[in-house]
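Peer 1: I need the structure of the sequence given here:
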Amino acid sequence: MKRRAPYKRIKIQTITSSEVIKDNEERWRLRTSDGSSLFRIWMVGVITEKYEGQNNYLGLKVEDGSGGILVKSWDGQLESFSQWDKVEILGQVQISEQDEKIDVFITPDIIEDIMDDNWFIYHRLKIVQQGRHTDSEITVKSAVVEGIDLGVASLEDLKIKLKKLVKQLDKGSGVTMDEVMAKLPKIDEAQIYDAITELLESGEFFEPQVGIYSIAFE
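Peer 2: Modelled structure (predicted):
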């Protein structure tokens with residue numbers, strides 16, 4: 001089964017400063033300054049504009065202090081959001097060409113309101129750690145689920161626990177994030193996302209569908 005690229009935490013500037021290119025198969029790609037490609041991104045920001053576009057889509061202009069990017073959706077996912085809402089977006093980079101103009105925008109897989117401004121600080125910290133490949137320390141109370149000790153002290157420890165948990169819960173169709181969170185109520189959701197992202201990057205997890213996780217190998 002084809003594995004999906006994991007979401008990568010970014011500043012919006014990373015998108016706006018990247019180069020739009022075509023690969024060997026004439027597909028559009030967004031190449032960053034370090035030579036990597038951006039596919040699925042994880043960003044936070046403030047909605048500064050909201051409008052209806054052509055072809056029945058809703059558009060949001062989202063800014064984070066480093067730049068702004070357009071977020072588009074055709075499925076009504078953006079209807080409940082308003083100007084000046086603070087949002088977290090996990091989505092996909094899209095590139096289109098019309099009348100010799102290149103348009104780069106995001107289509108959201110998940111978009112949620114941010115209620116705590118500390119989330120912005122946490123996101124920026126994780127971007128820095130991501131660039132330095134540092135291991136985050138996690139402080140949680142010990143929890144036992146179906147015989148598994150889920151008390152963790154580091155990101156690596158959390159990854160080990162997640163592999164055991166997903167293996168237990170998976171009945172053949174994968175495990176949703178909601179199912180994982182229900183079993184880990186004492187661990188921060190953002191830290192679980194970080195651990196899952198690294199498991200996707202290493203190929204130990206794969207997504208049969210967006211937001212559904214399975215063990216790729218033992």
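
Peer 1: What segments of this protein are strands?
Peer 2: Assigned by DSSP state E, the strands in the chain fall at 8-9, 19-22, 28-31, 40-52, 58-63, 68-73, 86-98, 101-113, 144-145, 148-149, 175-176, 205-209, 212-215.

Peer 1: Distance to K163, mean neighbour count and mean pLDDT added to those, as CSV?
Peer 2: The way it works is simple: take the backbone N, C-alpha and C, and place the C-beta from them, glycine included. What follows is the strands of the chain, written out as CSV (distance: least, C-beta to C-beta, whole Å; neighbours: other C-beta atoms under 10 Å; pLDDT from 0 to 100):
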stretch, distance to K163, mean neighbour count, mean pLDDT
strand 8-9, 21, 22, 88
strand 19-22, 36, 12, 90
strand 28-31, 31, 16, 87
strand 40-52, 21, 18, 93
strand 58-63, 34, 19, 95
strand 68-73, 33, 20, 96
strand 86-98, 21, 17, 91
strand 101-113, 23, 15, 92
strand 144-145, 14, 12, 46
strand 148-149, 10, 12, 50
strand 175-176, 11, 18, 88
strand 205-209, 8, 18, 80
strand 212-215, 6, 18, 86
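
Peer 1: right, and these - which one's nearest Q191?
Peer 2: With C-beta to C-beta, the closest approach to Q191 among the strands of the chain belongs to strand 8-9: 12.5 Å.

Peer 1: which helices and strands does the closest one pack with?
Peer 2: strand 40-52, helix 118-132 (3 or more C-beta pairs under 8 Å, 6 or more residues apart in numbering; DSSP states H and E).

Peer 1: hmm, try it at 6 Å
Peer 2: Packing partners of strand 8-9 (3 or more C-beta pairs under 6 Å, 6 or more residues apart in numbering; DSSP states H and E): helix 118-132.

Peer 1: Direction-wise, compare the helix it packs on with strand 86-98 and give the angle.
Peer 2: 60 degrees (axes from the mean of the first three to the mean of the last three C-alpha atoms, to 10 degrees).

Peer 1: for helix 118-132, the distance to its chain's centre please.
Peer 2: With C-alpha atoms, centre = their mean, to the nearest Å as the basis, helix 118-132 stands 13 Å off its chain's centre.

Peer 1: Can you tell me which helices and strands that helix packs against?
Peer 2: strand 8-9.

Peer 1: The strand it packs on pairs with which strands, and in what direction?
Peer 2: Its sheet considered, strand 8-9 pairs with strand 40-52 (parallel) by DSSP bridges.

Peer 1: how far out from the middle of the chain is the partner strand?
Peer 2: With C-alpha atoms, centre = their mean, you get 14 Å for strand 40-52.

Peer 1: Report the angle between that strand and strand 101-113.
Peer 2: Strand 40-52 runs at 100 degrees relative to strand 101-113, counting by the same axes, to 10 degrees.

Peer 1: Run through who's touching strand 40-52.
Peer 2: 5, 7-10, 59-64, 83, 85-86, 88-90, 92, 120, 123 (C-beta atoms under 6 Å, 6 or more residues apart in numbering).

Peer 1: before we move on, the earlier item: so for K159, which of the strands of the chain sits nearest?
Peer 2: strand 205-209 (9.3 Å).

Peer 1: Show me what that closest one is packed against.
Peer 2: Here strand 205-209 touches strand 212-215, going by 3+ C-beta pairs under 6 Å, 6+ apart.

Peer 1: And the strand it packs on, how far out from the chain middle?
Peer 2: 15 Å.
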